[in-house]
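Colleague: I'd like to go over a predicted model; first the sequence, then the structure.
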Amino acid sequence: MRDEVIEILAMINPAIDAEDEDLNIAEDLDSMDIIALIAELEDKFDIEITMEEKTEENFQNVDTLVEMIKRLQ
């Protein structure tokens, strides 16, 4: 699942280094990229990311995204 999230991030913004320890997806992507990321994650993992889940904490890095996806499945 982690690799799939990294692939999605790379597709949306190839300049993002998903392995960067200082990565903060919520800050490093623009709003259109965030919308695209949410749509791709919902489609790929058959989940619905509700407004309650759209927090900076859930979109900090790959690991926090994976944790959110697991909760929603």
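Modeller: Arrived safely, thanks for sending. Residues are numbered from 1 along each chain as shown.

Colleague: residue contacts, the spatially closest residue to residue 56 that is not a sequence neighbour?
Modeller: In space, residue 56 comes closest to residue 26 once its chain neighbours are excluded; the distance is 4.4 Å by C-beta to C-beta, 6 or more residues apart in numbering. To be clear about C-beta, it is placed using only N, CA and C from the backbone, and glycine gets the same treatment. Contacts of residue 26 were listed using C-beta atoms under 8 Å, 6 or more residues apart in numbering, and they are 34, 56, 59-60.

Colleague: ok, now residue 62?
Modeller: By C-beta under 8 Å, 6+ apart, the neighbours of residue 62 are 2, 5-6, 9, 18, 23.

Colleague: which residue is nearest the middle of this structure?
Modeller: By C-alpha atoms, centre = their mean, the chain has its centre lying nearest to residue 65, at 5.0 Å.
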